[in-house]
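Undergrad: Sequence isn't available, so here's the structure alone:
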């Protein structure tokens with residue numbers, strides 16, 4: 001994998017870059033649609049590639065490991081072939097899912113024993129096994145195994161968690177360096193900065209992560225309930241430590257406002273379920289603000305979903321019709337809303353890139369943030 005910074009904003013730490021992988025290029029800043037189980041919910045792969053123009057998607061190690069299972073993915077020739085996606089894929093490590101399974105998992109130095117949420121079967125994730133799983137899945141960018149700390153948590157717990165994440169990271173790199181991708185293309189391993197909301201721990205973790213000289217670095221353990229101001233503070237702190245010539249990936253973030261604020265702090269990659277999950281529940285993001293499509297006020301509104309017309313759904317369907325689909329519980333409602341929201345998120349990241357290159361990012365960002373958080 002190769003990364004180059006093409007333009008840097010003079011009034012913030014935002015930058016426009018280019019990631020090159022064996023499955024294609026990713027222009028940054030970039031939002032990564034979440035395809036948890038090998039599919040972005042309610043979206044056709046064709047539309048994801050041709051209309052939404054996603055350059056990279058995310059697959060979930062935990063979910064793919066449990067279902068359909070590694071034997072099927074390997075028999076298909078890897079996840080790219082299994083889901084018919086020819087562009088880059090990133091997989092997370094399963095650490096966040098382990099974090100969310102607090103009541104049915106046990107964490108030790110060796111790894112994590114957990115119970116499947118599907119059938120109750122027992123499984124074990126170690127750093128070595130997580131690397132092996134992601135090798136078998138075949139993503140272009142894979143993540144080191146970590147523990148994602150909850151918010152709030154005591155400093156002592158956050159430190160112990162960070163320390164074990166660092167020890168697991170050493171084991172991840174040892175396994176990664178001893179193995180290779182079974183599908184004859186390269187994979188890149190990203191370590192993950194932890195440390196909860198404690199400045200000194202975040203500094204220690206970012207410095208430790210940087211020593212590995214990885215091809216890219218991730219920031220985890222944020223957007224787990226902490227105030228947005230703390231998220232920005234931790235991100236800013238870490239971005240000043242992580243190498244400037246490597247991409248920075250902020251995991252699980254976030255709202256359109258979160259994304260713009262973190263781009264300004266130096267983040268290059270984002271992922272989040274918000275656009276599709278909220279879309280399925282009738283919340284749409286537009287250049288003018290947020291729409292609850294189930295509200296009565298849209299019943300007779302035949303205007304486009306967004307005047308900017310990001311995709312065919314904005315040009316083909318109006319607000320009144322989409323509201324009708326939601327109130328009628330039609331599956332098409334989730335498809336239209338998810339497509340619109342992903343188009344908006346990809347447009348937002350792409351427009352941020354264009355504004356960075358023009359030298360007008362900061363003023364544009366401030367104007368957009370005033371609009372994006374409004375409820376319409």
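TA: That came in fine, so what should we check first? The structure displayed is predicted, hence computed values, not measured ones. Residues are numbered from 1 along each chain as shown.
Undergrad: hmm, who's touching the helix or strand where residue 74 lies?
TA: Per DSSP states H and E, residue 74 falls inside helix 70-76. The contact list for helix 70-76 (CB atoms under 8 Å, 6 or more residues apart in numbering) reads 64, 79, 82, 133, 136, 137, 138, 182. Using the backbone N, CA and C atoms, a C-beta is placed for each residue, glycine as well.
Undergrad: Quick check, the fourth one in contact with residue 61.
TA: Yes: if you go by CB atoms under 8 Å, residue 133 and residue 61 touch, sitting 5.7 Å apart.
Undergrad: which one of these two has more residues nearby?
TA: Neighbours per residue, other CB atoms under 10 Å: of residue 133 and residue 61, the larger number sits with residue 61, 24 against 21.
Undergrad: burial measure for the nearest residue to the more buried one once chain neighbours are set aside, as a count.
TA: Distance criterion CB to CB, 6 or more residues apart in numbering; nearest residue to residue 61, sequence neighbours excluded, is residue 94 at 4.2 Å. By other CB under 10 Å, 27 other residues sit near residue 94.
Undergrad: My read is that residue 94 contacts residue 59, right?
TA: No: at 11.0 Å, residue 94 does not count as touching residue 59 under the criterion of CB under 8 Å.
Undergrad: Can you give me the pLDDT of residue 149?
TA: pLDDT recorded at residue 149 is 89.
Undergrad: right, I mislabeled it, should have said residue 91
TA: Taking residue 91 on its own, its pLDDT is 98.
Undergrad: Give me the secondary structure label for it.
TA: Judged by DSSP: H, G, I helix; E, B strand; the rest coil, the three-state class of residue 91 is strand.
Undergrad: For it, give its distance to residue 71.
TA: Using CB to CB, to the nearest Å, we find residue 91 at a distance of 17 Å from residue 71.
Undergrad: returning to that earlier point: shared neighbours, residue 133 and residue 61?
TA: In contact with both residue 133 and residue 61: residue 94, using CB under 8 Å, 6+ apart.
Undergrad: Below-threshold pLDDT in this protein: ranges please.
TA: For the chain, the stretches with pLDDT under 70 are 98-99, 101-104.
Undergrad: Now do the end-to-end distance for stretch 78-95.
TA: Using CA to CA, to the nearest Å, the end-to-end distance of stretch 78-95 comes to 21 Å.
Undergrad: how about that stretch: buried residues?
TA: Residues 78-80, 82-83, 85, 87-95 are the ones in stretch 78-95 that count as buried (16 or more other CB atoms under 10 Å).
Undergrad: What of stretch 34-53?
TA: Going by 16+ other CB under 10 Å, stretch 34-53 has these buried residues: 34-36, 38-43, 45, 47-49, 51-52.
Undergrad: Among those, which one lies nearest to residue 304?
TA: Closest approach between these and residue 304, by CB to CB: residue 51, at 15.3 Å.
Undergrad: close enough to count as contact, that closest one and residue 311?
TA: Yes: here residue 51 reaches residue 311: they are 5.0 Å apart, a contact under CB under 8 Å.
Undergrad: what touches both of those two?
TA: Here residue 51 and residue 311 share the contacting residues 339, 343, scored by CB under 8 Å, 6+ apart.
Undergrad: who are the neighbours of the stretch of helix or strand residue 19 belongs to, in terms of helices and strands?
TA: If you go by DSSP H and E, residue 19 is part of strand 15-21. Packed against strand 15-21 by the contact rule (3 or more CB pairs under 8 Å, 6 or more residues apart in numbering; DSSP states H and E) you find strand 2-8, strand 24-28, helix 331-358.
Undergrad: which residues sit against it?
TA: By CB under 8 Å, 6+ apart, the residues outside strand 15-21 that reach it are 1-9, 25-29, 88, 140-141, 186, 188, 216, 247, 266, 268, 353, 356-357.
Undergrad: and if you look at stretch 92-112?
TA: Contacts of stretch 92-112 with the rest of the structure, by CB under 8 Å, 6+ apart, involve 58, 60-63, 65, 113-115, 117, 124-127, 129-130, 133-134, 142-150, 164, 167-168, 192, 220, 251-252.
Undergrad: Can you tell me which of the residues you listed end up in helices?
TA: Cross-referencing the contacts of stretch 92-112 against helices under DSSP state H gives 61, 62, 63, 65, 127, 129, 130, 133, 134, 164, 167, 168.
Undergrad: Only the buried subset of those, as a ChimeraX command please.
TA: Here is the ChimeraX command that picks out the buried ones among these, judged by 16+ other CB under 10 Å:
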select :61,62,63,65,127,129,130,133,134,164,168
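Undergrad: Among the ones in helices among the contacts of stretch 92-112, which pair sits farthest apart?
TA: 63 and 167 (25.7 Å).
Undergrad: Heading C-terminal from the helix holding residue 74, find the next helix or strand.
TA: Immediately after helix 70-76, counting by DSSP H and E, sits helix 79-83.
Undergrad: re the thing from before, which parts of the strand holding residue 19 are buried?
TA: For strand 15-21, by 16+ other CB under 10 Å, it's 15, 16, 17, 18, 19, 21.
Undergrad: Quick check: residue 262 touching residue 251?
TA: No: Residue 262 is not in contact with residue 251 according to CB under 8 Å; the separation is 11.2 Å.
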